[in-house]
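> what's the 3D shape of this:
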Amino acid sequence: MGRISRISSHLGVSALAGGLLVACASVLGTLPEPSNAHRDPTALTVVAEADLKRGDCRGASENYAQAAALGDAQLARRATQVAMACEHLPAAWAAATRWRSLAPTDREANALYAAIALKLYRTADARAAINDFWRAEEQLDSATAAPGTGESSPAPGTPRPGLPAAGHARPQKRATKSMGELTALLLEESDAPAVLSAMSGALEPTANTPDTFILLGELALAAYDGQRALGYAQHALQLDPKDLAALRVLARAYVMRGDAPQAVATARRAQANDATRGGFELAEILASLDRSEEAHQQLELLRAAGAPQAEVDRRLALLAFNSGDMKEARQRFTELLSSGEGNDAAQLYLADITARDGDPDGAIAAYRRLYDSSVALSARSRAAALLLDRSARTEALALLDDYAADHPEDELDLTLAKARLLADHGEADAGLALLSTALERHPQHPNIEYDRAVILEQAGRVHESVDALEHMLNERPDDPTLLNALGYTLADHTLQLPHAETLIRRALTVMPDNPAAIDSLGWVQFRQGDARGAAVTLAHAYSLGHDAEIAAHWGEALWVSGQQAEARRVWAAALARDPDSKPLKATIKRLIPDAQ
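This next block holds a predicted model:
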């Protein structure tokens with residue numbers, strides 16, 4: 001329910017009652033046969049509410065969807081919200097389609113329709129709803145731009161509302177704010193490349209403010225398309241050359257494109273316009289370029305110049321943690337907590353550091369203190385992983401089950417987390433059984449189907465995994481995540497390598513700077529026998545992602561191409577960042593059997 005509450009609060013409408021899914025967290029019972037004795041929406045609604053009370057979330061979704069097909073817009077709204085809260089996508093799609101047909105200008109109807117459409121990878125349908133949402137917001141902006149004039153749009157040749165001269169402060173346009181809220185909702189429901197495709201198609205034709213271009217630029221960064229992000233940022237800066245948010249997008253786009261000098265120059269430009277916020281941006285850019293010492297120096301310069309000390313200390317702690325200096329990170333997070341400036345996240349980092357230091361008992365105790373905090377799910381999941389390491393299966397799963405009982409809105413996410421944990425600890429069959437049950441509760445859910453394919457591969461059932469991914473691709477032929485997953489799976493098992501490369505390159509046309517997809521390309525090059533070429537590709541992937549598994553691949557390509565010393569350096573740096581990475585440790589052990 002948390003997700004739907006956020007949707008409704010973003011859009012300024014009332015939400016479903018917070019306890020809607022409490023009963024639905026229980027085990028799915030036998031579904032009742034739909035009543036065909038009469039097609040009465042009121043009767044179907046009564047049945048649906050009874051379903052909810054006894055914990056039959058699927059039955060409630062399906063009966064509400066049937067009622068919506070016969071009822072009014074308000075009933076269709078309720079049906080959509082129930083089905084979305086229950087993660088029953090077919091019922092949600094039916095109800096949202098009905099709602100939008102009855103209330104085509106309703107902003108909430110268009111928002112939820114777009115969210116469900118993207119989750120089902122119906123990009124064109126999502127784009128149409130986003131376009132309707134955007135047009136309605138723009139009309140409201142225009143109507144309020146000149147009160148009392150009666151004008152719905154500016155006269156030809158006059159400046160548009162909210163677009164002052166470059167360098168001057170501009171009011172936050174209502175439409176742009178609403179689109180930012182809609183974007184946040186869509187990103188909760190779908191992957192960034194799909195959201196970018198739908199959102200850009202709706203916004204680009206009429207985009208005319210820095211805020212709109214910045215919104216698109218940030219979305220392009222999330223979608224790993226640095227070139228598009230760069231273009232959007234440049235459009236924003238043409239309208240306001242000193243816009244700090246646009247400079248931030250531009251600097252990150254240069255990082256993503258591998259242009260370190262331009263990234264640093266852009267961040268320095270931001271610093272010249274705003275010494276404190278721009279200075280922090282420069283530190284972030286230096287850190288993202290793996291120039292940790294320079295980032296550290298920049299943060300200390302900010303401290304000396306009077307920047308907020310707590311913010312400097314927080315960033316220094318994160319910098320130390322991300323660069324693998326656990327001793328400094330522990331000291332700085334501890335100091336933050338002692339000074340009263342720390343929070344739940346700081347305590348979580350300290351627990352993670354304790355786990356990395358080889359003290360599972362101390363780490364579990366630290367995680368336990370966070371079981372009811374703002375980071376409860378992360379703390380419980382990490383504690384559960386440590387308990388599974390010592391074969392305390394019942395206690396580990398109880399941590400997640402107890403949380404699910406109090407947070408039924410997270411039931412699906414918790415089920416997926418449990419399945420992954422079990423698979424990671426040698427119980428892939430148990431994880432697959434959980435996912436099969438979840439598919440009964442949440443039919444045709446893409447997240448469940450995807451995780452099932454991943455765990456099938458972990459279980460050694462490679463051909464079943466490939467079949468599952470191919471089946472999903474038939475439904476979503478341009479989904480870059482699926483294209484990359486299938487391509488990588490084939491490459492990792494030296495199957496159909498030319499086809500694997502084709503799939504990966506198709507994924508890269510949509511998300512050209514995605515480190516996981518670039519890693520896949522490097523790995524297929526390696527499997528094809530081009531270790532030197534693979535090493536170059538994998539080095540680029542690691543510069544973008546700093547992922548331990550990418551480091552494992554990169555180091556192996558270096559090792560095979562005769563650069564053993566460089567491979568050892570890559571692995572050592574990656575182990576400092578992620579000492580518990582199973583793929584990395586397995587690669588090192590395979591190639592250097594006597595490695596400690």
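
> tell me the first helix or strand C-terminal of the host helix or strand of Leu318.
Counting by DSSP states H and E, the element that carries Leu318 is helix 309-322. Once the chain leaves helix 309-322, the next helix or strand it forms, by DSSP H and E, is helix 326-338.

> and that following helix, what does it pack onto?
Secondary-structure packing of helix 326-338 (3 or more CB pairs under 8 Å, 6 or more residues apart in numbering; DSSP states H and E): helix 309-322, helix 344-356. (Each C-beta comes from the backbone N, C-alpha and C, glycine too.)

> nearest spatial neighbour of Ala76, skipping sequence neighbours?
Trp99 (3.6 Å; CB to CB, 6 or more residues apart in numbering).

> can you give me the neighbour number for the one you found?
Per other CB atoms under 10 Å, the neighbour tally for Trp99 reads 28.

> does it touch Arg107 like I think?
No. In this structure, Trp99 is not within contact of Arg107 by CB atoms under 8 Å, at 11.9 Å.

> helices and strands of the protein: which one bottoms out on pLDDT?
When the helices and strands of the chain are scored by mean pLDDT, DSSP states H and E, helix 2-11 comes last with a mean of 44.

> can you pull the contacts of Ala573?
Ala573 makes contact with 324, 551 under the criterion CB atoms under 8 Å, 6 or more residues apart in numbering.

> separation between Leu221 and Ala366?
Plainly put, Leu221 is 33 Å away from Ala366 if you go by CB to CB, to the nearest Å.

> got it, and Thr537?
For Thr537 relative to Ala366 (CB to CB), the value is 39 Å.

> how about Lys177?
Separation of Lys177 from Ala366 (CB to CB) stands at 39 Å.

> so which of those two has more stuff around it?
Counted by other CB under 10 Å, Lys177 and Ala366 do not tie: Ala366 has more neighbours, with 22 against 15.

> isn't that one up against Ile353?
No. Counting by CB under 8 Å, Ala366 stays clear of Ile353, with 9.1 Å between them.

> shared neighbours, these two?
The contact lists of Ala366 and Ile353 share no entry, where a contact means CB under 8 Å, 6+ apart.

> how about stretch 501-508: buried residues?
Under the neighbour-count criterion of 16 or more other CB atoms under 10 Å, stretch 501-508 has 501, 503-504, 506-508 buried.

> actually stretch 431-439, not the one I typed
For stretch 431-439, by 16+ other CB under 10 Å, it's 431-432, 434-435, 438.

> state the mean pLDDT of that stretch.
Mean pLDDT, stretch 431-439: 96.

> send the alpha carbons of the helix ranked longest in the chain over as PDB?
Determined from DSSP state H, the single longest helix within the chain is helix 123-145. Extracted as PDB, the C-alpha positions of helix 123-145 are listed here (Å, rounded to 0.1, in the frame of the first residue of the first chain):
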ATOM      1  CA  THR A 123       5.300   1.900 -24.000                       C
ATOM      2  CA  ALA A 124       3.100   3.500 -26.600                       C
ATOM      3  CA  ASP A 125       0.100   3.300 -24.300                       C
ATOM      4  CA  ALA A 126       2.100   4.800 -21.500                       C
ATOM      5  CA  ARG A 127       3.300   7.600 -23.700                       C
ATOM      6  CA  ALA A 128      -0.300   8.500 -24.700                       C
ATOM      7  CA  ALA A 129      -1.400   8.800 -21.100                       C
ATOM      8  CA  ILE A 130       1.700  10.800 -20.100                       C
ATOM      9  CA  ASN A 131       1.000  13.100 -23.000                       C
ATOM     10  CA  ASP A 132      -2.500  13.700 -21.800                       C
ATOM     11  CA  PHE A 133      -1.300  14.300 -18.200                       C
ATOM     12  CA  TRP A 134       1.400  16.800 -19.500                       C
ATOM     13  CA  ARG A 135      -1.100  18.700 -21.700                       C
ATOM     14  CA  ALA A 136      -3.500  19.000 -18.800                       C
ATOM     15  CA  GLU A 137      -0.800  20.300 -16.500                       C
ATOM     16  CA  GLU A 138       0.500  22.800 -19.100                       C
ATOM     17  CA  GLN A 139      -3.100  24.100 -19.600                       C
ATOM     18  CA  LEU A 140      -3.400  24.700 -15.900                       C
ATOM     19  CA  ASP A 141       0.000  26.500 -15.900                       C
ATOM     20  CA  SER A 142      -1.100  28.700 -18.800                       C
ATOM     21  CA  ALA A 143      -4.500  29.400 -17.200                       C
ATOM     22  CA  THR A 144      -2.700  30.700 -14.000                       C
ATOM     23  CA  ALA A 145       0.100  32.500 -15.800                       C
END
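
> got the angle between the helix or strand that it is followed by and helix 123-145?
Downstream of helix 123-145, the first helix or strand assigned by DSSP H and E is helix 174-189. Angular relation of helix 174-189 and helix 123-145 on a 0 to 180 degree scale: 150 degrees, by axes from the mean of the first three to the mean of the last three CA atoms, to 10 degrees.

> how far is helix 174-189 from where the chain is centred?
In this view, helix 174-189 has its centroid 14 Å away from the chain centroid, taken as CA atoms, centre = their mean, to the nearest Å.

> buried residues of it, list them for me.
Residues of helix 174-189 classed as buried: 175-176, 178-183, 185-187, 189 (neighbour count, 16+ other CB under 10 Å).

> show me what it is packed up against.
Applying 3+ CB pairs under 8 Å, 6+ apart, we find helix 174-189 packed against helix 2-11, helix 107-119, helix 123-145, helix 192-203, helix 210-222.

> got the angle for it vs helix 192-203?
Using the same axes, to 10 degrees: helix 174-189 against helix 192-203 is 150 degrees.

> now helix 174-189: average pLDDT?
Mean per-residue pLDDT for helix 174-189: 89.

> show residues contacting that helix.
The contact list for helix 174-189, computed with CB under 8 Å, 6+ apart, reads 3, 6-7, 10-11, 107, 111, 114-116, 118-119, 126, 130, 133-134, 137-138, 140-141, 144, 195, 198-199, 203, 209, 211-212, 215, 219, 222.

> one step back: specify the angle between the helix holding Leu318 and helix 344-356 in degrees.
Here helix 309-322 runs at an angle of 30 degrees relative to helix 344-356 (the same axes, to 10 degrees).

> check which helices and strands helix 309-322 sits against.
helix 275-288, helix 292-304, helix 326-338, helix 344-356.

> who wins for proximity to Leu397 among those?
Of all the helices and strands packed on helix 309-322, helix 344-356 sits nearest to Leu397, with 19.0 Å by CB to CB.

> what packs against the next helix or strand along the chain from the closest one?
Once the chain leaves helix 344-356, the next helix or strand it forms, by DSSP H and E, is helix 360-368. Packing partners of helix 360-368 (3+ CB pairs under 8 Å, 6+ apart): helix 344-356, helix 376-389.

> distance between helix 360-368 and the chain's centre?
That offset, for helix 360-368, works out to 27 Å (CA atoms, centre = their mean).

> buried stuff in it?
For helix 360-368, burial by neighbour count (16+ other CB under 10 Å) applies to 360, 363-364, 366-367.

> repeat for stretch 560-577
Result for stretch 560-577 [16+ other CB under 10 Å]: buried residues 560-561, 563, 566-568, 570-571, 573-575, 577.

> next one: stretch 480-498
The neighbour-count check on stretch 480-498 (16+ other CB under 10 Å) flags 480-492, 497 as buried.

> same question, stretch 289-302
For stretch 289-302, a neighbour-count test (16+ other CB under 10 Å) marks 289, 291-292, 294-296, 298-299, 302 as buried.

> could I get the residues you listed as TSV with distance to Tyr349 and pLDDT?
Output for those, formatted as TSV (distance: CB to CB, whole Å; pLDDT from 0 to 100):
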residue	distance to Tyr349	pLDDT
Leu289	22	95
Arg291	22	95
Ser292	17	94
Glu294	23	97
Ala295	18	97
His296	17	97
Gln298	21	98
Leu299	17	97
Leu302	21	97
